[in-house]
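[1] This is the structure alone, sequence omitted:
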(Lines give C-alpha, C1' and ligand atoms only; values in the text may rest on other atoms or scores of the structure.)
Protein backbone atom coordinates (compact mmCIF):
# COMPACT_ATOMS: atom_id res chain seq x y z
CA UNK A 1 0.00 0.00 0.00
CA UNK A 2 1.44 3.36 -1.04
CA UNK A 3 1.03 6.65 0.78
CA UNK A 4 2.57 9.19 -1.58
CA UNK A 5 0.39 10.05 -4.56
CA UNK A 6 -2.45 7.68 -3.59
CA UNK A 7 -5.99 9.01 -3.39
CA UNK A 8 -7.36 9.32 0.14
CA UNK A 9 -10.98 8.65 -0.88
CA UNK A 10 -10.85 4.82 -0.44
CA UNK A 11 -9.46 5.28 3.06
CA UNK A 12 -12.85 6.41 4.31
CA UNK A 13 -14.62 3.40 2.87
CA UNK A 14 -12.72 0.87 5.00
CA UNK A 15 -12.00 1.85 8.64
CA UNK A 16 -9.32 -0.81 9.10
CA UNK A 17 -7.62 0.16 5.83
CA UNK A 18 -7.58 3.80 6.93
CA UNK A 19 -5.86 2.94 10.19
CA UNK A 20 -3.30 0.78 8.37
CA UNK A 21 -2.64 3.54 5.81
CA UNK A 22 -2.00 6.05 8.55
CA UNK A 23 0.59 3.75 10.12
CA UNK A 24 2.31 3.26 6.73
CA UNK A 25 2.41 7.02 6.13
CA UNK A 26 4.02 7.63 9.48
CA UNK A 27 6.69 5.04 8.67
CA UNK A 28 7.34 6.59 5.25
CA UNK A 29 7.61 10.03 6.79
CA UNK A 30 10.41 8.89 9.09
CA UNK A 31 12.28 7.24 6.16
CA UNK A 32 11.89 10.19 3.77
CA UNK A 33 12.62 13.05 6.17
CA UNK A 34 15.68 14.02 4.10
CA UNK A 35 13.70 14.35 0.87
CA UNK A 36 12.12 17.83 0.90
CA UNK A 37 10.63 17.38 -2.57
CA UNK A 38 7.95 14.91 -1.35
CA UNK A 39 7.32 16.54 2.02
CA UNK A 40 4.28 18.76 1.08
CA UNK A 41 2.47 15.92 -0.71
CA UNK A 42 3.43 13.44 2.00
CA UNK A 43 2.22 15.70 4.77
CA UNK A 44 -1.11 16.31 3.01
CA UNK A 45 -1.80 12.63 2.39
CA UNK A 46 -0.75 11.66 5.89
CA UNK A 47 -3.07 14.29 7.31
CA UNK A 48 -5.94 12.78 5.32
CA UNK A 49 -4.95 9.31 6.45
CA UNK A 50 -4.84 10.47 10.05
CA UNK A 51 -8.29 12.03 9.73
CA UNK A 52 -9.60 8.80 8.23
CA UNK A 53 -8.08 6.78 11.07
CA UNK A 54 -9.69 9.00 13.71
CA UNK A 55 -13.04 8.86 11.90
CA UNK A 56 -12.80 5.07 11.67
CA UNK A 57 -12.00 4.73 15.36
CA UNK A 58 -15.08 6.77 16.26
CA UNK A 59 -17.55 5.39 13.72
CA UNK A 60 -16.65 1.69 13.87
CA UNK A 61 -18.14 1.07 17.35
CA UNK A 62 -21.20 3.17 16.45
CA UNK A 63 -21.85 1.28 13.22
CA UNK A 64 -21.38 -2.04 15.03
CA UNK A 65 -23.90 -1.00 17.67
CA UNK A 66 -26.49 -0.12 15.03
CA UNK A 67 -25.84 -3.38 13.21
CA UNK A 68 -26.43 -5.51 16.32
CA UNK A 69 -29.37 -3.55 17.73
CA UNK A 70 -32.69 -5.31 17.26
CA UNK A 71 -36.16 -3.79 17.57
CA UNK A 72 -38.03 -4.67 20.80
CA UNK A 73 -40.54 -7.49 20.67
CA UNK A 74 -43.98 -6.45 21.92
CA UNK A 75 -46.17 -9.28 23.17
CA UNK A 76 -49.82 -8.64 23.91
CA UNK A 77 -52.41 -11.00 25.36
CA UNK A 78 -55.41 -8.78 24.80
CA UNK A 79 -57.38 -6.83 27.41
CA UNK A 80 -56.69 -8.31 30.82
CA UNK A 81 -59.72 -9.05 32.99
CA UNK A 82 -60.65 -10.49 36.38
CA UNK A 83 -63.91 -12.06 37.49
CA UNK A 84 -65.04 -12.11 41.11
CA UNK A 85 -67.60 -14.80 41.97
CA UNK A 86 -68.98 -16.58 45.02
CA UNK A 87 -68.07 -20.24 45.42
CA UNK A 88 -69.99 -23.05 47.14
CA UNK A 89 -68.04 -22.18 50.30
CA UNK A 90 -69.87 -18.80 50.25
CA UNK A 91 -66.51 -17.04 49.81
CA UNK A 92 -65.40 -14.79 46.99
CA UNK A 93 -62.83 -16.09 44.51
CA UNK A 94 -61.11 -14.56 41.49
CA UNK A 95 -60.55 -15.91 38.00
CA UNK A 96 -58.02 -14.25 35.70
CA UNK A 97 -58.57 -14.05 31.96
CA UNK A 98 -59.01 -11.62 29.09
CA UNK A 99 -61.87 -9.95 27.26
CA UNK A 100 -63.46 -11.81 24.38
CA UNK A 101 -63.41 -8.94 21.89
CA UNK A 102 -65.89 -10.66 19.56
CA UNK A 103 -68.58 -11.12 22.19
CA UNK A 104 -71.38 -8.66 22.95
CA UNK A 105 -73.55 -8.37 26.04
CA UNK A 106 -76.62 -6.34 26.94
CA UNK A 107 -76.34 -3.74 29.70
CA UNK A 108 -78.82 -1.84 31.84
CA UNK A 109 -76.88 1.26 32.86
CA UNK A 110 -73.55 3.05 32.81
CA UNK A 111 -72.19 5.40 35.46
CA UNK A 112 -68.84 6.83 36.55
CA UNK A 113 -67.20 7.34 39.92
CA UNK A 114 -64.01 8.84 41.38
CA UNK A 115 -62.42 7.92 44.71
CA UNK A 116 -59.47 9.88 46.18
CA UNK A 117 -55.97 8.44 46.18
CA UNK A 118 -54.91 6.18 49.08
CA UNK A 119 -58.52 5.18 49.79
CA UNK A 120 -59.58 1.68 50.79
CA UNK A 121 -62.82 -0.24 51.24
CA UNK A 122 -63.18 -3.11 53.70
CA UNK A 123 -64.99 -6.40 53.10
CA UNK A 124 -68.13 -6.07 51.01
CA UNK A 125 -70.09 -7.93 48.36
CA UNK A 126 -70.76 -6.46 44.94
CA UNK A 127 -74.03 -4.47 45.10
CA UNK A 128 -75.02 -5.92 41.73
CA UNK A 129 -73.39 -7.72 38.84
CA UNK A 130 -71.28 -5.16 37.02
CA UNK A 131 -68.22 -4.52 34.91
CA UNK A 132 -65.72 -2.08 36.41
CA UNK A 133 -63.47 -0.35 33.87
CA UNK A 134 -60.52 1.34 35.58
CA UNK A 135 -59.44 4.63 33.99
CA UNK A 136 -56.83 5.67 36.57
CA UNK A 137 -55.49 4.34 39.84
CA UNK A 138 -53.88 1.03 40.78
CA UNK A 139 -55.62 -1.19 43.33
CA UNK A 140 -54.86 -4.31 45.31
CA UNK A 141 -57.87 -6.60 45.76
CA UNK A 142 -58.23 -9.34 48.36
CA UNK A 143 -60.93 -11.99 48.37
CA UNK A 144 -62.38 -13.85 51.35
CA UNK A 145 -61.18 -17.00 49.60
CA UNK A 146 -57.59 -15.91 50.26
CA UNK A 147 -56.50 -14.60 46.84
CA UNK A 148 -54.88 -11.26 46.03
CA UNK A 149 -54.50 -9.49 42.70
CA UNK A 150 -53.61 -6.03 41.38
CA UNK A 151 -55.99 -4.14 39.10
CA UNK A 152 -54.37 -1.54 36.83
CA UNK A 153 -55.71 1.16 34.48
CA UNK A 154 -57.08 -0.35 31.29
CA UNK A 155 -57.95 -3.67 32.94
CA UNK A 156 -61.49 -4.96 33.47
CA UNK A 157 -63.16 -6.31 36.60
CA UNK A 158 -66.39 -8.31 36.41
CA UNK A 159 -67.88 -8.32 39.92
CA UNK A 160 -70.37 -11.16 40.40
CA UNK A 161 -69.79 -11.95 44.09
CA UNK A 162 -73.12 -10.47 45.14
CA UNK A 163 -73.48 -12.90 48.07
CA UNK A 164 -71.20 -13.78 50.95
CA UNK A 165 -68.64 -11.52 52.65
CA UNK A 166 -67.18 -10.54 49.27
CA UNK A 167 -63.87 -8.76 48.77
CA UNK A 168 -61.92 -5.64 49.74
CA UNK A 169 -59.60 -3.24 47.95
CA UNK A 170 -57.10 -0.43 48.55
CA UNK A 171 -55.39 2.08 46.27
CA UNK A 172 -51.64 1.49 46.17
CA UNK A 173 -50.46 4.44 44.06
CA UNK A 174 -50.87 8.22 44.22
CA UNK A 175 -53.70 8.45 41.69
CA UNK A 176 -57.44 8.65 42.34
CA UNK A 177 -59.51 5.69 41.28
CA UNK A 178 -61.55 6.81 38.29
CA UNK A 179 -63.74 4.09 36.84
CA UNK A 180 -66.83 3.33 34.83
CA UNK A 181 -69.49 0.90 36.03
CA UNK A 182 -71.38 -1.06 33.39
CA UNK A 183 -74.40 -2.83 34.87
CA UNK A 184 -75.29 -6.15 33.26
CA UNK A 185 -78.84 -6.65 32.05
CA UNK A 186 -78.89 -10.35 32.91
CA UNK A 187 -76.80 -12.41 35.28
CA UNK A 188 -74.45 -14.06 32.82
CA UNK A 189 -70.82 -15.08 32.95
CA UNK A 190 -69.89 -12.16 30.70
CA UNK A 191 -67.54 -11.85 27.76
CA UNK A 192 -64.28 -12.84 29.42
CA UNK A 193 -61.98 -15.66 28.36
CA UNK A 194 -59.55 -17.77 30.33
CA UNK A 195 -56.77 -19.87 28.85
CA UNK A 196 -58.28 -22.41 26.50
CA UNK A 197 -61.93 -21.67 27.37
CA UNK A 198 -64.36 -18.81 27.07
CA UNK A 199 -66.55 -17.02 29.61
CA UNK A 200 -64.65 -18.20 32.68
CA UNK A 201 -65.24 -21.91 32.29
CA UNK A 202 -61.49 -22.30 32.80
CA UNK A 203 -59.24 -22.56 35.82
CA UNK A 204 -59.60 -20.64 39.04
CA UNK A 205 -56.69 -19.06 40.83
CA UNK A 206 -57.75 -20.94 43.99
CA UNK A 207 -58.75 -24.52 44.70
CA UNK A 208 -62.40 -23.65 45.30
CA UNK A 209 -64.77 -23.62 42.35
CA UNK A 210 -67.18 -20.74 41.87
CA UNK A 211 -70.78 -21.83 41.75
CA UNK A 212 -71.41 -19.29 38.99
CA UNK A 213 -68.60 -20.39 36.69
CA UNK A 214 -70.69 -22.59 34.44
CA UNK A 215 -73.68 -20.31 34.05
CA UNK A 216 -75.78 -17.88 36.06
CA UNK A 217 -75.07 -17.03 39.67
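    Perfect, I can see it now. Worth saying up front: this structure is predicted, and the values here are computed from it rather than measured.

[2] Now stretch 157-173: buried residues?
    Burial within stretch 157-173, assessed by neighbour count using 16 or more other CB atoms under 10 Å, is assigned to 157-162, 164-169, 171. Heads up, the C-betas are built off the backbone N, CA and C, glycines and all.

[3] Relative to residue 140, which of the residues you listed is nearest.
    Nearest to residue 140, judged by CB to CB, of the buried residues of stretch 157-173 is residue 169 at 6.7 Å.

[4] Helix, strand or coil: sort out the closest one for me.
    Each residue gets one of three states, and residue 169 gets strand by DSSP: H, G, I helix; E, B strand; the rest coil.

[5] List the contacts of it.
    Shown in contact with residue 169 (CB atoms under 8 Å, 6 or more residues apart in numbering): 120-121, 139-142, 151.

[6] what is it paired to in the beta sheet?
    Listed beta-bridge partners, residue 169: residue 121, residue 141 (assigned using DSSP bridges).

[7] and what of residue 111?
    Applying DSSP bridges to residue 111 gives these bridge partners: residue 181.

[8] Now name the helix or strand holding residue 23.
    Using DSSP states H and E, the secondary-structure element containing residue 23 is helix 15-31.

[9] Next, count neighbours for residue 104.
    The burial count assigned to residue 104 is 7, neighbours taken as other CB atoms under 10 Å.

[10] So it lies in a helix, does it not?
    No. Using three-state DSSP, the assignment for residue 104 is coil, not a helix.

[11] any idea how far it lies from residue 148?
    Using CB to CB, to the nearest Å, one gets 31 Å for the distance from residue 104 to residue 148.

[12] for residue 157, same thing?
    Looking at residue 157 against residue 148, where the rule is CB to CB, the gap reads 14 Å.

[13] Quick check: neighbours shared by these two?
    Looking at what touches both residue 157 and residue 148 (by CB under 8 Å, 6+ apart), the common residues are residue 141.

[14] Domain boundaries for this structure, per the record?
    According to the domain assignment given by automatic domain parsing, the chain is divided into the following structural domains: 9-68, 80-198.

[15] give me the low-pLDDT residue ranges for this structure?
    Within the chain, the segments meeting pLDDT under 70 span 1-22, 24-77, 185-217.

[16] One more pass at 90, please.
    1-78, 99-108, 184-217 (pLDDT under 90).

[17] Report the buried residues of stretch 100-110.
    residue 100.

[18] before we move on, what about stretch 117-126?
    Of all the residues in stretch 117-126, those buried under the rule 16+ other CB under 10 Å are 125-126.

[19] ok, residues contacting it?
    The set of residues external to stretch 117-126 that reach it, using CB under 8 Å, 6+ apart, is 84, 86, 92, 137, 144, 159-171, 173-177.

[20] Try it again at 6 Å.
    Applying CB atoms under 6 Å, 6 or more residues apart in numbering, the contact partners of stretch 117-126 are 159, 161-162, 165-166, 168-171, 174-176.

[21] Please apply the same query to stretch 137-152.
    Under the criterion CB under 6 Å, 6+ apart, residues 91-94, 134, 157, 165, 167-173, 175-177, 205-206, 208 lie in contact with stretch 137-152.

[22] which parts of it are buried?
    The neighbour-count check on stretch 137-152 (16+ other CB under 10 Å) flags 137-139, 141-145, 147, 149, 151 as buried.

[23] Show the end-to-end separation of that stretch, please.
    Across stretch 137-152, the terminal residues are separated by 7 Å (CA to CA, to the nearest Å).
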